[in-house]
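> Structure for the following, please:
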Amino acid sequence: MHKMEKHGVARGRIRSIASHIKCVPLLAETRHVVPDMQDNGEYGTTSKRVFRFQYQRKPIKILFRERGGGGHNDTYAGIDGVVMLKGELLIPSVSDPTYHTMLIVMHPSGLLHDLPMTQALARAGLHVFSCGTRYANNDTGLMMEKVLRDMAQAVQYCKQTLGYKKVVLAGWSGGGSLSCYYQATAERVAAARATDGDDATAVQFPSADAMLVMAAHTGRAQILTEWLDPSIFLLSRNDPAHADQAKALRKFNLYDTRYSPSPPYTSEYVAQFREAQRERSRRITRWVHGELDKVRAHGANASPPSSCFVVEGTMMDPRWLDGSIDANGRAEGTCFLGDPRVANDMPTGLARFCTLPSWLSQWSFEESPADGLQHIKNVRVPTLVLENSCDDAVPPSHLRGLFAACGATDKQHIVIEGANHYYDGQKEHLAKAVEELLCWLNHRGLVHVAIPTAIMEPRAGGDGTEALQVTQARFGSVASDSFEIKGINHLAITCSDMERTCRFYSGVLGMRLHKTIALPCGGQHFFFDLGDGNSLAFFWFPNAPPADPGSSAPDLQKMLTTGQHPTAHGAMNHVAFNVPECHLEAYRTRIEASKMSSFVSPVVYHADVKSGFSVDGTDGKVTFASVYFFGPDGELLELTSQRHTFAGVGGIKHVPRTALFRPQP
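Purely as a prediction, here's the structure:
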């Protein structure tokens, strides 16, 4: 079979397979679906008022190199010293192109892309970047100091690469104390920043503009210590080396009532229990230091410092069994992982697998540098602490402690009544939480997302007649000082093969090619005559992405930084309107004054010269005088005045390029 025929068969098979593939929504997405409005157009519930947007997911990879690896990679395989962070952008499908704030969701080890709260923020009209650290879904060797650098890369990426002016740290659960750690670090001088031995002072820590601490504990080390099983002397429950000590600790095994009291527990017993938990953590910390001392003493003959060990018993807390301790609305006998008796030793339990350095960095309450309660004292940016009243993971004392310790003068504590940790099956509670966040962000000018009232004002007659008449009166007439738009000059579309485009539009449809322009970037711009001064135009860019529904307009940041504005094949690049040249500057001023456009260019003079532009508006080679601007949905628009007609073939000066012409990388 001929090579091209094989390719055709393969493409046919792919299309056949693709036709049978259906996008299955995630569990969280099916349980928190975007609700439709009621038939009468009114918003009857909080979720209907708040979750008004569909959103798009875009995978993001942040790649950077850091020194000091020394062969101890943080993840399986990969190049030593090269770090990759994987995340997703969740962007509402309908949003303001002038939107300038990004919410960053990051957890030390978890991926929060599909968390109900993460999705809900996007459905409420907010831009969200959910970014994993280098330790995503594997915290065995996690170092909090390196997690801090990962968050710095995420903040820098949003501000410098994506072009967002403001960043809000949206710290959920374990991400809350991480956000406190990061923001306190960003607000300190570089010389005082924590380091694990590398030159961390060279790392840039861009400050966030606000912080959301949502359903968050005070730190991984702090919460683990309160969940440690104190009936285990060191690491293992059945360690023969510590059998005698374990017998003395049996009274603290809450899950064996042969030795421990039944709930409710006395305050004296709880105090002894907490001290026993802290003492076990101290013993593990001393043991880790002893193992590291062996490494330093014996060098190559000892186990490497990254040696792993297992910690049994990490989900025992009297709060699970006695609801009067640190009381909230949680159910007794259960926790966010299910049955705490099972979670205490299950393979995926907290801190189950550790390395020596990782224990000291993320789990030792005495030595971990990531104590959110201490760091939030040094935070000065506006901070919102959100508590769920039936949280079955994070104790209320942690959130209230964070709020009390926060050093920001602008701080607020909000409680969502009846909400559990994940809002499992609680769409309205989730909507209420997001509504509170929206109001808080709106009030501080960080976002501008309007929230409809609970019940919209009833319309006269109930059939919308009055609203229609208002619309007709307001927009159906032409004001005396309206723009003198004389029709469309040209529509511009991006193609993948200019020669093929010429064959179709000229050879098949009979449109006359009457103007060609070579772009400085190596691209082309060809015009087909539609008559009466109207044209259909096509761009060909050597670096254009393939056709992708949704890539419908040029990227403003790329256009401003590189001067290029490619769009995907088949996409509408921009729409140009004919106007008298004498009005260009006045119209430009009016558009700019409207504050509805994210960008308005000065008057640009396109000319038949090598650069494609002339700085002299009186140059006889100028063909178009134009003003470019973006519309409300980010569409690129143009007001243009065409100075010359393109009669005959005089305007055709370039041979069309084919799809095979691509610059070499």
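> Give me the most central residue, this protein.
Centroid-nearest residue in the chain, with Cα atoms, centre = their mean: residue 129, separated by 0.6 Å.
> Contacts only, for that one.
60, 87-90, 102-105, 154, 157-158, 162 (Cβ atoms under 8 Å, 6 or more residues apart in numbering). C-beta here means a position set from N, CA and C on the backbone, and glycine is covered the same way.
> Pull up the pairing partners for the host helix or strand of it, direction included.
In this structure, residue 129 sits in strand 128-131 according to DSSP states H and E. Within its sheet, strand 128-131 is paired with strand 82-92 (antiparallel), strand 101-105 (parallel), according to DSSP bridges.
> Indicate which one of these is closest to residue 523.
Comparing those against residue 523 with Cβ to Cβ, the closest turns out to be strand 82-92 (27.1 Å).
> could you check the angle strand 101-105 makes with the helix or strand harbouring residue 439?
Assigned by DSSP H and E, residue 439 falls within helix 427-443. Interaxial angle, helix 427-443 versus strand 101-105 (axes from the mean of the first three to the mean of the last three Cα atoms, to 10 degrees): 130 degrees.
> residues of helix 427-443 that come out buried?
Across helix 427-443, burial judged by 16 or more other Cβ atoms under 10 Å covers 427, 429-438, 440-441.
> same check, this time on stretch 111-125
Using 16+ other Cβ under 10 Å as the test for burial, stretch 111-125 gives 111-113, 115-125.
> Endpoints of that stretch, how far apart?
Taking Cα to Cα, to the nearest Å, the first and last residues of stretch 111-125 lie 21 Å apart.
> Just the CA trace of the helix holding residue 439, in PDB.
Coordinates of each C-alpha in helix 427-443 appear next as PDB, following Å, rounded to 0.1, in the frame of the first residue of the first chain:
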ATOM      1  CA  LYS A 427     -24.200  21.600  46.400                       C
ATOM      2  CA  GLU A 428     -26.000  24.400  48.200                       C
ATOM      3  CA  HIS A 429     -23.400  24.600  51.000                       C
ATOM      4  CA  LEU A 430     -20.700  24.700  48.300                       C
ATOM      5  CA  ALA A 431     -22.500  27.500  46.500                       C
ATOM      6  CA  LYS A 432     -22.900  29.400  49.800                       C
ATOM      7  CA  ALA A 433     -19.100  29.200  50.400                       C
ATOM      8  CA  VAL A 434     -18.300  30.300  46.900                       C
ATOM      9  CA  GLU A 435     -20.800  33.200  47.200                       C
ATOM     10  CA  GLU A 436     -19.000  34.400  50.300                       C
ATOM     11  CA  LEU A 437     -15.700  34.200  48.600                       C
ATOM     12  CA  LEU A 438     -17.000  36.100  45.600                       C
ATOM     13  CA  CYS A 439     -18.400  38.900  47.800                       C
ATOM     14  CA  TRP A 440     -15.100  39.100  49.700                       C
ATOM     15  CA  LEU A 441     -13.000  39.300  46.500                       C
ATOM     16  CA  ASN A 442     -15.400  41.700  44.800                       C
ATOM     17  CA  HIS A 443     -15.400  44.000  47.800                       C
END
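> Can you spell out which helices and strands pack onto that helix?
helix 46-50, helix 116-123, strand 210-214, strand 383-388, strand 411-416 (3 or more Cβ pairs under 8 Å, 6 or more residues apart in numbering; DSSP states H and E).
> now do 10 Å
helix 46-50, strand 101-105, helix 116-123, strand 166-172, strand 210-214, strand 383-388, strand 411-416 (3 or more Cβ pairs under 10 Å, 6 or more residues apart in numbering; DSSP states H and E).
> ok, now which ones touch the closest residue to residue 283 other than its chain neighbours?
Nearest non-adjacent residue to residue 283, counting by Cβ to Cβ, 6 or more residues apart in numbering: residue 234, 5.6 Å away. By Cβ atoms under 10 Å, 6 or more residues apart in numbering, residue 234 lies in contact with 241, 242, 245, 246, 280, 283, 284, 286, 287, 309, 311, 312.
> possible to save the residues you listed as CSV with secondary structure?
Below are the contacts of residue 234 laid out as CSV (DSSP: H, G, I helix; E, B strand; the rest coil):
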residue, secondary structure
241, helix
242, helix
245, helix
246, helix
280, helix
283, helix
284, helix
286, helix
287, helix
309, strand
311, coil
312, coil
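> Can you flag the buried ones in these?
So, by 16+ other Cβ under 10 Å, the buried ones in the contacts of residue 234 are 242, 246, 280, 283, 284, 309, 311, 312.
> What does the pLDDT read for the residue nearest to residue 283?
Note on residue 234: pLDDT of 97.
> heads up, I number from 50, so please use that
With the count now opening at 50, the last piece we talked about shows up as residue 283.
> That one - that's part of a helix, no?
No. Counting by three-state DSSP, residue 283 falls outside a helix, being coil.
> so who does residue 471 touch?
77, 164-166, 221-222, 264, 385, 437, 440-442, 479.
> mind redoing it with 8 Å?
Contacts of residue 471 (Cβ under 8 Å, 6+ apart): 164, 165, 385.
> and which of the contacts of residue 283 is nearest to residue 393?
Among the contacts of residue 283, residue 361 lies closest to residue 393 (Cβ to Cβ), at 8.1 Å.
> Neighbour-wise, give me the winner out of the contacts of residue 178.
Counting neighbours by other Cβ atoms under 10 Å, residue 154 leads these with 30 neighbours.
> From residue 576, how far off is that residue?
To residue 576, residue 154 is 46 Å away according to Cβ to Cβ, to the nearest Å.
> what does residue 257 give?
48 Å.
> For these two, indicate the residue with more neighbours.
residue 257 (28 against 22).
> On the three-state scheme, that one is what?
Classified using three-state DSSP, residue 257 is coil.
> Residue 235 is in contact with that one, correct?
Yes. Counting by Cβ atoms under 8 Å, residue 257 does reach residue 235; the two are 7.0 Å apart.
> returning to what we had before: kindly reformat the helices and strands packed on helix 476-492 as a markdown table containing mean pLDDT and distance to residue 495.
Converted to a markdown table, these look like this (pLDDT from 0 to 100; distance: least, Cβ to Cβ, whole Å):
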| stretch | mean pLDDT | distance to residue 495 |
| --- | --- | --- |
| helix 95-99 | 84 | 17 |
| strand 150-154 | 97 | 5 |
| helix 165-172 | 95 | 13 |
| strand 215-221 | 97 | 6 |
| strand 259-263 | 98 | 6 |
| strand 432-437 | 98 | 11 |
| strand 460-465 | 97 | 13 |
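> Alright, calling it a day.
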